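Enquirer: starting from these lines, generate the structure:
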Amino acid sequence: MKRRSKYILLIAAFAAITLAIDYWNVTRKEKLLSSAVLQIGGRSHSIPMWPVGTEYRITLTAIPTHEQLDQLKIANTMRGWVTIAFADCDLSAEERDRLRGILNCCHLYVVEDGKMNSMSNPTRIRTNHSK
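Expert: You can find the predicted model right below:
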């Protein structure tokens, strides 16, 4: 019986240490993400659901520079759902491609006329070859 109690205590201690490390890591990445968003002049909100994941909603009103985008790449590593909306930004096709390539784990949108339009890859035109 004592042996079983020691195993249970050992497993509980391991779980507590693992959760503490995970919480520290998630908090560290959230601070880095928040700092990157603030440097670009954006806003961020989140709905925390640790340890499962978090929903992050980020709104940027400026196109990030290369340096800012390097810092914003932390968004790709976040556990959960990351939405980044570009409001009041006139994004060219090249900029959209660059953002999609670098922020490839995020859901990207452009706010146009008050509507959020997805920046997902353009749909390919299907041709009907049947007669």
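Enquirer: tell me which element the nearest residue to residue 35 once chain neighbours are set aside is part of?
Expert: Nearest non-adjacent residue to residue 35, counting by CB to CB, 6 or more residues apart in numbering: residue 71, 7.4 Å away. No exception for glycine: its C-beta is placed from N, CA and C like everyone else's. According to DSSP states H and E, residue 71 maps onto helix 66-72.
Enquirer: mind exporting the C-alpha coordinates of that helix to CSV?
Expert: The C-alpha trace of helix 66-72 is given here as CSV (Å, rounded to 0.1, in the frame of the first residue of the first chain):
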residue,chain,number,x,y,z
HIS,A,66,10.0,42.9,-41.8
GLU,A,67,11.4,43.3,-38.3
GLN,A,68,7.9,43.6,-36.8
LEU,A,69,6.8,40.5,-38.7
ASP,A,70,9.7,38.5,-37.4
GLN,A,71,8.5,39.3,-33.9
LEU,A,72,4.8,38.6,-34.8
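Enquirer: now the helix or strand following that helix: average pLDDT?
Expert: Counting by DSSP H and E, the element after helix 66-72 in chain order, helix or strand, is strand 80-87. On average, the pLDDT along strand 80-87 is 94.
Enquirer: so what touches strand 80-87?
Expert: 49, 52-61, 63, 75-76, 99, 103, 105-111, 116, 119 (CB atoms under 8 Å, 6 or more residues apart in numbering).
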